[in-house]
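Trainee: Predicted model, plus sequence, below.
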Amino acid sequence: MQLQEFTLERIQSLYENLVELNLSDSGVHPYKLSELLTSEQQAELLELELGYGWTNGFVELRETIANLYHNRNSDEVIVTNGSAEANFLMVMSVLKPGDELIVVVPNYLQIAGWAKALEVEVKEVPLLQGTGWLPDLDMLESLVTDKTRMLTICHPNNPTGSTLPLSQIEKLVDFAKKHDIYLHADEVYKGAEFDGVELPSFADLYDKAIVTSGLSKAMAMPGLRLGWLVGPAEEIYATWQSKDYTSITTSSVSEYVANIVLQPEMRSKVLNRSKELLTENLSIMQQWIDENSDWVSFIPPKAGGMAFVRYELDVNSTQLAHELRENLSVFVLPGDVYGMDGYFRVGIGAPAEHLRVGLARIADYVRHQYLGGKS
Ligand SMILES: Cc1ncc(COP(=O)(O)O)c(C=O)c1O
């Protein structure tokens, strides 16, 4: 098995903790435990027995997660270490060498990376910037063969922050139904829609949908490493077998907290905080784009903690990101990690002041370094 470097994650883990202003994250500035738990819950947590628990997640938590979807039960849910493990288990359990996988790109690329290592053939369908990052649906049909086993999409999308209108969601579901293939959706950014209207889950639209999600992004708790998969019971059972071979269980501390924050009232409180922070930051971002429209542009994101910025400078995106990091101690993610040079991704889930100062430094640097001091 040959795994390619996961450049997106590697470049972040190398540098994000070494800069003054990290604008490379895609989630919302994290919570502290003390902001989430009442004093009774904090006391209860201290008394928690640190046993293994259930390898597929404790039943109550699986029921709480199942209740986030229509007509799902605890056998259709497995709790994982982040949505990253959910993605991994899903690929390892559902795909096999020789299968074909259609990936809507740009994408987080973890699924495609594992699939390639497993000798699954990966075919790409682009989201087109010209249409506001909608998928090229005509191209989809031309990629299907009798080996096509799954279509995978990241929705809301990383890195563009785009979401699909209902009509397009339905078209993707119809396509998967027509060809009787799995439809996998990574929905870890769902719940952080700026207009406050939560998107439907693919899990509620198709019985062969497999959905990955977790607490890291819209819910702003990446340190809990708590994710899940929802899908048909048989496939979820297969992922459970793989989990027994990998991490065995998730942390009992994280499961305890997850079962509190995923109760409906608490979940909406958490998501409202995300929306408020992101909406304020999107206006900072929009203003910066307007002030710098001679060299940057973007399609404003609709959800999630990131903006995907197109730039008109004669410099490669990885080089630019390193220059900004070394000279300004500001870190943005280069488009190269998605195979899209000419873009960089800015985390808009950062504290507003970080975003404001970081963006100002970038504009100032670029004006002097690349635009001959023009303002
Ligand atoms: C789309 C997507 N899926 C999954 C992950 C993995 O996140 P976690 O394991 O923290 O849930 C990320 C991380 O950036 C992501 O962007």
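Mentor: Sure, I can see it.
Trainee: Residues of the stretch 201-350 of the chain that sit close to the ligand?
Mentor: Residues of the stretch 201-350 of the chain lying near the ligand by C-beta under 6 Å from any ligand atom: 214, 216, 222, 227. In short, each C-beta sits where N, CA and C put it, glycine included.
Trainee: Give me the nearest residue to the third one, chain neighbours excluded.
Mentor: Distance criterion C-beta to C-beta, 6 or more residues apart in numbering; nearest residue to residue 222, sequence neighbours excluded, is residue 216 at 3.9 Å.
Trainee: Quick one: the strands in the stretch 101-250 of the chain, in order.
Mentor: In the stretch 101-250 of the chain, the segments counted as strands under DSSP state E, counting those that start in this stretch are 121-128, 134-135, 148-154, 182-186, 209-214, 226-230.
Trainee: For the ligand, give me its nearest residue in the stretch 51-200 of the chain.
Mentor: Of all residues in the stretch 51-200 of the chain, residue 82 sits closest to the ligand, at 2.5 Å by C-beta to the nearest ligand atom.
Trainee: So that residue is in contact with residue 214, correct?
Mentor: Yes. When contacts are counted by C-beta atoms under 8 Å, residue 82 is listed as touching residue 214 (5.6 Å).
Trainee: Pick out whichever of the two has more residues nearby.
Mentor: In this view residue 82 and residue 214 are compared by other C-beta atoms under 10 Å, and residue 214 has more residues nearby, 29 against 22.
Trainee: before we move on, back to that, how about JSON lines for the strands of the stretch 101-250 of the chain, with mean pLDDT and distance to residue 296 added?
Mentor: Listed next are these as JSON lines, based on pLDDT from 0 to 100; distance: least, C-beta to C-beta, whole Å:
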{"stretch": "strand 121-128", "mean pLDDT": "97", "distance to residue 296": "19"}
{"stretch": "strand 134-135", "mean pLDDT": "94", "distance to residue 296": "22"}
{"stretch": "strand 148-154", "mean pLDDT": "98", "distance to residue 296": "23"}
{"stretch": "strand 182-186", "mean pLDDT": "98", "distance to residue 296": "27"}
{"stretch": "strand 209-214", "mean pLDDT": "98", "distance to residue 296": "31"}
{"stretch": "strand 226-230", "mean pLDDT": "98", "distance to residue 296": "33"}
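Trainee: hang on, the earlier thing: identify the residues contacting the residue of the stretch 51-200 of the chain closest to the ligand.
Mentor: Going by C-beta atoms under 8 Å, 6 or more residues apart in numbering, residue 82 touches 214, 216, 222, 225, 226, 227.
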